[in-house]
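Enquirer: I'll drop the sequence and a predicted model, then ask my questions.
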Amino acid sequence: MLNINTQVIEIPEPMFRGWQQTVELIADIMNLPAALIMRVHHSDVRIFSSNDTASVISSSLSESKQLSCYCAQVIYNRAELLIEDALQDLTWSFDQNVNADIMAYYGLPLTWPDDQAFGTLCVLDTQAREFTPHCKLLIVRFQQSMIADLAILYEKAELLHANRKLQTMLAKKSMALTLSNQALLHEQDSRSALESTLIYQQEYDGLTGIANQLSLVSQMDGMLESVDDDNELAVIYLGIRNFKSINNSYGYAIGDKVLLELSQRIHQQLTTEYLVARCWGDAFAIVVRDENVVEQVIDLISRLSHAFESTFIIDDYTITTQVCFGIALADSAEDQGVALVERAEAAMTASKDKGCNYNFFTEELSAVIGERHYLESHLAEALDKHEMSVHYQPMICVKTQRVLGAEALIRWNNPILGAVAPDRFINLAEQNGQILALGNFVLRTAMEQASHWRKSFGNDFSIAVNISPVQLRDDNLVSRIAQLLAYYQLPGSALELEITEGVLLQDEKKVAKSLTGLQNLGVSISLDDFGTGYSSLSYLQKYSFDTLKIDRSFITNLMECDQDKELARAIIAMAKKLNLKVVAEGVETAEQHQFIVEEGCDFGQGYLYGKPVPATMFTAQYLSRLVI
């Protein structure tokens with residue numbers, strides 16, 4: 001085994017995110033305040049990853065000598081360390097300079113394949129506790145998964161090291177070329193073998209053994225020269241919707257095996273006249289050439305879709321894939337292979353966005369995809385660059401005209417794009433997974449601000465926050481909100497979560513479980529945009545809500561349209577019968593305000609009472625006076 005300096009091996013971002021999810025999951029399942037991954041750094045051990053609430057238990061956790069001692073013992077012995085009550089454990093004694101604030105600790109070693117220490121996976125508590133065999137087994141399983149990840153990184157480092165060593169050897173051989181004709185011939189043979197290997201690597205995918213995109217495009221360029229009405233050409237671009245989830249759930253080694261079997265299933269549906277290549281990650285491209293190319297493409301997609309319906313059995317895991325396709329047709333012999341592949345990829349991205357099986361490329365799609373990519377590139381760094389902020393729109397009690405709450409609304413101001421409307425980036429964030437980070441940002445910011453306002457202006461103030469479908473599917477949502485309520489010393493009644501019909505179009509059991517968990521915390525649940533969906537009334541039967549928000553479309557034309565007025569009146573009356581609070585959105589005139597007062601609406605929201613503004617302006621404009 002090569003001598004590798006493991007301290008310089010970097011943990012890739014996707015793997016780090018997977019580890020971060022691991023410590024969050026451990027802390028959540030075991031109901032612990034802290035789960036940590038520690039890494040050896042020169043002569044000490046430092047925190048490498050921790051769950052969100054770890055910093056809450058101790059502001060100086062990263063400097064804890066007690067934690068360092070425990071972890072050092074685990075690393076030195078290459079064995080677990082179990083401390084269930086530090087005060088009763090006579091093995092450990094700390095002098096007066098060390099704060100023994102960790103009462104319970106369980107740690108396991110993390111090692112590289114050559115037995116060099118990476119660090120530890122550990123959990124801890126500020127109170128004494130017993131670690132059950134089930135909990136210990138859970139941590140052992142995560143330890144094994146992380147050690148497997150380290151093995152993959154180590155193998156890559158070994159390959160890199162071996163490659164550098166090979167380059168050094170080749171250099172030495174080059175210097176000896178003039179010594180003898182025999183050495184020259186030997187060097188030529190070596191170079192020939194190496195060149196063959198490099199050519200293979202340039203043209204074929206190392207994992208699946210099929211052609212790569214470069215090779216595919218090269219072959220396509222030759223085929224495009226003969227494209228005509230009797231010999232049409234198309235590119236099918238195939239991608240896996242849930243491949244990121246597969247990697248995160250099962251690890252990259254399992255993900256690679258899924259790709260390998262996927263390529264085999266593709267080949268089983270193809271004949272020799274098709275070209276196929278792996279482009280990158282989970283993406284494959286297939287070239288179809290026929291006089292009725294559209295019919296051939298549709299037939300092939302149907303057969304491929306059927307082939308992927310069967311689950312993948314990988315290392316005793318049963319894995320289901322969700323595949324989508326994009327199609328680009330060659331218009332003329334002037335088309336280029338690389339452009340066709342890019343168009344097919346854009347069409348596949350549109351299929352993912354729309355949730356459909358396949359999509360054909362159009363010029364309109366090209367413009368939309370281009371704008372999306374441009375917007376997405378800026379959105380990726382928006383939080384880190386502090387471009388996101390939260391504005392607050394007042395919600396008033398229509399009887400007293402006092403501001404009793406606010407709705408928290410995210411705003412994005414980019415130095416290049418300017419102020420970006422929420423409807424341009426919220427859906428994009430939901431599709432690319434950033435909505436969880438944005439949603440957590442809004443929750444933290446709004447709840448921190450609500451805590452400040454309640455202390456300054458009264459304990460009846462509440463904050464409303466919109467929850468997306470992606471957030472509601474997050475198994476950690478309820479526990480995260482519980483942690484935030486405790487951290488900012490807020491009762492559950494200070495928070496109202498607004499959900500739309502789109503949120504409810506999920507797994508009913510999972511939705512009901514999440515909503516029940518939130519209401520058990522005292523959090524209010526509001527059904528937003530009521531009256532605009534097809535099934536709003538049925539949801540009132542299935543789920544328990546605290547508030548209905550009448551969609552602004554009914555309020556806008558209240559004075560001009562008798563039908564809207566009667567519908568709004570009926571919604572308010574129905575809500576009262578069901579003991580639900582009612583909020584009217586979009587109130588902009590005194591006449592609309594008077595109507596909701598007379599009909600017994602509880603709260604009003606709209607430009608008549610105030611526009612969304614930053615927290616400082618909200619305090620100055622709304623919290624020390626009547627609205628009207």
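Expert: Received, thanks.
Enquirer: Run through the residues that contact Phe545.
Expert: Residues near Phe545 by CB atoms under 8 Å, 6 or more residues apart in numbering: Ile525, Ser526, Leu527, Tyr539, Leu580. For the C-beta atoms, the positions are set from N, CA and C on the backbone; glycine is no exception.
Enquirer: from what I can see Ala419 touches Ile410, true?
Expert: No: between Ala419 and Ile410 there is no contact under CB atoms under 8 Å: 12.0 Å.
Enquirer: These two - which one has more neighbours?
Expert: Neighbour count, other CB atoms under 10 Å: between Ala419 and Ile410, Ile410 has more, with 21 against 8.
Enquirer: mind listing what the nearest residue to the more buried one once chain neighbours are set aside touches?
Expert: If the residues on either side of it in the chain are set aside, Ile410 comes closest to Val442, at 5.2 Å by CB to CB, 6 or more residues apart in numbering. Applying CB under 8 Å, 6+ apart to Val442 gives the contacts Val390, Ala408, Ile410, Val465, Asn466.
Enquirer: Out of those residues, which one has the weakest pLDDT?
Expert: Here the lowest pLDDT out of these sits on Asn466, with 92.
Enquirer: Would you mind measuring from the spatially closest residue to that one that is not a sequence neighbour to Ile463?
Expert: In space, and not counting its chain neighbours, Asn466 is closest to Glu498: 4.8 Å by CB to CB, 6+ apart. Taking CB to CB, to the nearest Å as the measure, Glu498 falls 11 Å from Ile463.
Enquirer: Report the set of residues contacting both of the two.
Expert: Joint contacts of Glu498 and Ile463 (CB under 8 Å, 6+ apart) are Glu407.
Enquirer: From the neighbour counts alone, determine which of those two ranks first.
Expert: Ile463 (26 against 20).
Enquirer: isn't the more buried one right next to Leu404, touching?
Expert: No: Ile463 is beyond contact range of Leu404, at 10.7 Å (criterion: CB under 8 Å).
Enquirer: Mind giving me the ChimeraX select for the contacts of Val442, buried ones only?
Expert: Of the contacts of Val442, the buried ones can be selected in ChimeraX as follows, counting by 16 or more other CB atoms under 10 Å:
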select :390,408,410,465,466
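Enquirer: Show me which of the contacts of Phe545 is closest to Asn212.
Expert: Distances from Asn212 to these, taken as CB to CB, are shortest for Tyr539 (49.2 Å).
Enquirer: so where does the closest one fall, helix or strand?
Expert: Using DSSP states H and E, Tyr539 sits within helix 536-542.
Enquirer: who's in contact with the helix or strand that that helix is followed by?
Expert: Per DSSP H and E, helix 536-542 leads on to strand 547-550 as the next helix or strand towards the C-terminus. The contact list for strand 547-550 (CB under 8 Å, 6+ apart) reads 496, 498, 524-531, 568, 571-572, 575, 580-585, 601, 605.
Enquirer: Could you do stretch 393-405 as well?
Expert: Contacts of stretch 393-405 with the rest of the structure, by CB under 8 Å, 6+ apart, involve 406-407, 409, 460-464, 496, 583, 593, 596-597, 601-605, 609-613, 618, 622-623, 626-628.
Enquirer: average model confidence for that stretch?
Expert: 90.
Enquirer: Equivalent analysis for stretch 479-497, please.
Expert: 94.
Enquirer: Next, the residues that contact it from outside, please.
Expert: 28, 52-53, 56, 405, 440, 443-444, 447-448, 450-451, 454, 461-467, 474, 518, 521-526, 546-547.
Enquirer: what about the helices in the stretch 451-600 of the chain?
Expert: Taking DSSP state H, counting those that start in this stretch, the helices of the stretch 451-600 of the chain run over residues 469-472, 477-487, 501-504, 508-520, 536-542, 552-556, 562-577, 590-598.
Enquirer: what's the first one packed up against?
Expert: Where contact means 3 or more CB pairs under 8 Å, 6 or more residues apart in numbering; DSSP states H and E, helix 469-472 is packed against helix 435-457, helix 501-504, helix 508-520.
Enquirer: Tabulate these in a markdown table, adding columns for distance to Gln483 and mean pLDDT.
Expert: Formatted as a markdown table, these follow (distance: least, CB to CB, whole Å; pLDDT from 0 to 100):
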| stretch | distance to Gln483 | mean pLDDT |
| --- | --- | --- |
| helix 435-457 | 10 | 93 |
| helix 501-504 | 22 | 64 |
| helix 508-520 | 13 | 84 |
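Enquirer: ok, back up a step: show me how to select, in ChimeraX, the buried members of the contacts of stretch 479-497.
Expert: A single ChimeraX command selects the buried members of the contacts of stretch 479-497 (16+ other CB under 10 Å):
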select :28,52,53,405,440,443,444,447,448,450,451,454,461,462,463,464,465,466,467,474,518,521,523,524,525,526,546,547
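Enquirer: what about Gly239, which helix or strand?
Expert: Going by DSSP H and E, Gly239 is part of strand 232-240.
Enquirer: List the buried residues of the next helix or strand after that strand.
Expert: Next in sequence after strand 232-240, counting helices and strands by DSSP H and E, comes helix 243-250. For helix 243-250, the neighbour count (16+ other CB under 10 Å) marks Phe243, Lys244, Ile246, Asn247, Asn248, Tyr250 as buried.
Enquirer: one step back: I'd like the helices and strands packed on helix 469-472 as JSON lines, with distance to Gly337 appended.
Expert: Listed next are the helices and strands packed on helix 469-472 as JSON lines, based on distance: least, CB to CB, whole Å:
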{"stretch": "helix 435-457", "distance to Gly337": "36"}
{"stretch": "helix 501-504", "distance to Gly337": "40"}
{"stretch": "helix 508-520", "distance to Gly337": "44"}
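Enquirer: related to what we said a few turns ago, okay, now the sheet partners of the strand holding Gly239, with direction.
Expert: In the sheet, strand 232-240 lines up against strand 283-290 (antiparallel), strand 323-329 (antiparallel) (DSSP bridges).
Enquirer: I'd like the next helix or strand past the shortest one.
Expert: Spelled out, it's strand 323-329. Next along the chain after strand 323-329, taking DSSP H and E as the criterion, comes helix 337-354.
Enquirer: other SSEs contacting that next one?
Expert: For helix 337-354, the packing partners by 3+ CB pairs under 8 Å, 6+ apart are helix 213-224, strand 232-240, strand 283-290, strand 323-329, strand 358-360, helix 363-379.
Enquirer: Tell me what angle the longest helix along the chain forms with helix 243-250.
Expert: In the chain, assigned by DSSP state H, the helix with the most residues is helix 133-175. Here helix 133-175 runs at an angle of 110 degrees relative to helix 243-250 (axes from the mean of the first three to the mean of the last three CA atoms, to 10 degrees).
Enquirer: How far off centre is helix 133-175?
Expert: 27 Å (CA atoms, centre = their mean, to the nearest Å).
Enquirer: and it, what's its mean pLDDT?
Expert: Mean predicted lDDT for helix 133-175 stands at 87.
Enquirer: Show me what that helix packs onto, helices and strands only.
Expert: Helix 133-175 makes packing contacts with helix 13-30, strand 104-111, strand 117-125, helix 181-203, helix 252-268 when contacts are defined by 3+ CB pairs under 8 Å, 6+ apart.
Enquirer: circling back: pick out the lowest-pLDDT one from the buried residues of helix 243-250.
Expert: Minimum pLDDT across these falls on Asn248, with 64.
Enquirer: got the contact list for Leu558?
Expert: Asp564, Lys565, Ala568, Glu591, Gln592, Phe595.
Enquirer: Okay, now the sheet partners of the biggest strand by length in the chain, with direction.
Expert: Taking DSSP state E as the criterion, the chain has its longest strand at strand 403-414. Here strand 403-414 has these sheet partners by DSSP bridges: strand 388-397 (antiparallel), strand 418-420 (antiparallel), strand 462-466 (parallel).
Enquirer: Just the buried residues of it, please?
Expert: Val403, Gly405, Ala406, Glu407, Ala408, Leu409, Ile410, Trp412, Asn414.
Enquirer: Ok, stretch 293-312 next?
Expert: Under 16+ other CB under 10 Å, the buried positions of stretch 293-312 are Val293, Gln296, Val297, Leu300, Ile301, Leu304, Phe308, Phe312.
Enquirer: now stretch 382-400
Expert: By neighbour count on 16+ other CB under 10 Å, the buried set for stretch 382-400 is Ala382, Glu387, Met388, Val390, His391, Tyr392, Gln393, Pro394, Met395, Ile396, Val398.
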